[in-house]
Structure formats: C-alpha cells, structure tokens
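Dropping the sequence and predicted coords here.
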Amino acid sequence: MNELDKFCPPPRLTATPRQVERVTQLFWASANAASADALQNVTSQLLAFFRAQGCVFPVAEELAQKVTGELTARVREVLRRPGLGASWISGVIQVGDLKLDLQRHVLWRRDDEIHLSPKNFDLLAFMMKNADVLLTHVKLLRSVWGLEYGGELEYLRTYIRALRKKIEKNPANPDYIVSEPCIGYRIRIPAGVAAQSV
C-alpha cells in the first residue's frame, strides 16, 4: 500500500461512463464560456467526485487539479493537430462550405440552412471536430451514442446515409463524408472548396 492509498482507496476511483460524460460535457461548456475561470466548474465537479469516492480533501483537491490540467493539455494538443481548426472551440465549426453552430444547433451549407435530427447533428459535429481524421466505426458509435455501443455497423450506416442526403450534392458520390472500406469514415474538405475561417 502506497501513501496515497491511505487517503484515497484505489478501487473506488473508477469513474462510471456517465460520470466521465458529465465531467466532459462540463469541460466543453466551460471551454466555450471563454472566461478566466472557465475551468473552475470542472475542477469543482472533479473535487466532489473524488470526495464521494472517499478521498480526504487535500488529496481530492490535488487529484482534481491534476486531472483538469491534463484535460486542458490534451485539448490544446488536439487543437494543434493538422486539419483541425481551433474555431470550433468558439462554438462554430467550418469545413469547406459547411458551417455548424454548436450552441444554436444549426447547420448551413453556404447560405442554406439545413435541418438535422439531434443525433445526426451530434454525429456531424463529432466528425467536423475531427476533420481529415479517419474515424473507425467503433470510435464513431462510442463517441456519439455511448460506450455500450460498438458493433451496430448498419445502424451507423443508416445515419451516415441520412447525413449524406442532407449535405452532399451527390450522395452516391460524396464529397464530404468519405468511406474507408471496413474501417470507418472521414470528413474532408472537397477539392475546389477553399477552407474558410470563422
């Protein structure tokens, strides 16, 4: 038993998927707030979580600060990745002539507003946040529908088909959402469409 185990028993530190999702959602809400204390809410939630797991206050506080610091560092690293513009952190993502407003739940193609179901919106938002990145079927299912998903390939294909009908000029020969056979999908900027800054 190491020194930390006396204050915070290891078996009780495992977070449920729901707790992780809640903290993650709070992080994105805080990141979009663009205020000096944007991550304070996340740190408070983590502190409460570690206290609920049996950690004494000083250890829970240290763990919460370390997790928040690590999360911030990883988000910054993702934002520096080629192909991913940082504009989405402000609430708007743009890929080619598609523009997605995360806060208002609105999609435009040039000047045309396109209606999406909530799940199709979430799927497109996740793909646009990861533009030019190959996303496996399992990654898409678990990131958009939840950790208990992963094998529902036909289910995912149905949603991709619906998205292509909404955003592609020719859904049978897509410009934006391209298939990587037996692996997954990627969203890309079509040839001849200039990337625009938001």
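Perfect, I can see it now.

mind listing what's buried in the host helix or strand of Thr72?
Assigned by DSSP states H and E, Thr72 falls within helix 57-79. For helix 57-79, burial by neighbour count (16 or more other CB atoms under 10 Å) applies to 59-64, 67-68, 71. From N, CA and C alone the C-beta is placed, and that goes for glycine too.

Let me know the closest of the residues you listed to Leu47.
Ranked by distance to Leu47 (CB to CB), the buried residues of helix 57-79 are led by Ala64 at 4.3 Å.

Nearest spatial neighbour of the closest one, chain-adjacent residues omitted?
Leu46 (3.7 Å; CB to CB, 6 or more residues apart in numbering).

Surely the one you found touches Glu62?
No - counting by CB atoms under 8 Å, Leu46 does not reach Glu62; the two are 10.8 Å apart.

The helix or strand following the helix holding Thr72 packs against which elements?
Where DSSP H and E defines the elements, the next helix or strand beyond helix 57-79 is strand 92-95. Packing contacts for strand 92-95, counted by 3 or more CB pairs under 8 Å, 6 or more residues apart in numbering; DSSP states H and E, involve strand 98-101, helix 118-129.

Identify the residues contacting the shortest one?
Read it as strand 98-101. Under the contact criterion CB atoms under 8 Å, 6 or more residues apart in numbering, strand 98-101 has outside partners 91-94, 106-109, 121, 124-125, 128, 167, 176, 198.

any idea which of these is least confident?
Least confident by pLDDT among the contacts of strand 98-101: that is Val198, with 40.

quick one: low-confidence ranges for the chain?
Within the chain, the stretches with pLDDT under 70 are 1-40, 75-90, 192-198.

related to what we said a few turns ago, hey, C-alpha coordinates of the helix holding Thr72 in PDB?
Output of helix 57-79 as PDB, limited to C-alpha atoms (Å, rounded to 0.1, in the frame of the first residue of the first chain):
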ATOM      1  CA  PHE A  57      -9.900  16.800   1.000                       C
ATOM      2  CA  PRO A  58      -6.200  17.700   0.300                       C
ATOM      3  CA  VAL A  59      -5.800  14.600  -1.900                       C
ATOM      4  CA  ALA A  60      -9.100  15.100  -3.700                       C
ATOM      5  CA  GLU A  61      -8.100  18.700  -4.400                       C
ATOM      6  CA  GLU A  62      -4.700  17.700  -5.800                       C
ATOM      7  CA  LEU A  63      -6.300  14.900  -8.000                       C
ATOM      8  CA  ALA A  64      -8.900  17.300  -9.300                       C
ATOM      9  CA  GLN A  65      -6.300  19.900 -10.300                       C
ATOM     10  CA  LYS A  66      -4.100  17.300 -11.900                       C
ATOM     11  CA  VAL A  67      -7.000  15.900 -14.000                       C
ATOM     12  CA  THR A  68      -8.100  19.300 -15.100                       C
ATOM     13  CA  GLY A  69      -4.500  20.200 -16.000                       C
ATOM     14  CA  GLU A  70      -4.100  17.000 -18.000                       C
ATOM     15  CA  LEU A  71      -7.500  17.500 -19.700                       C
ATOM     16  CA  THR A  72      -6.600  21.100 -20.700                       C
ATOM     17  CA  ALA A  73      -3.200  20.000 -22.100                       C
ATOM     18  CA  ARG A  74      -4.800  17.200 -24.100                       C
ATOM     19  CA  VAL A  75      -7.500  19.500 -25.600                       C
ATOM     20  CA  ARG A  76      -4.800  22.000 -26.600                       C
ATOM     21  CA  GLU A  77      -2.800  19.200 -28.200                       C
ATOM     22  CA  VAL A  78      -5.800  18.100 -30.200                       C
ATOM     23  CA  LEU A  79      -6.400  21.700 -31.400                       C
END
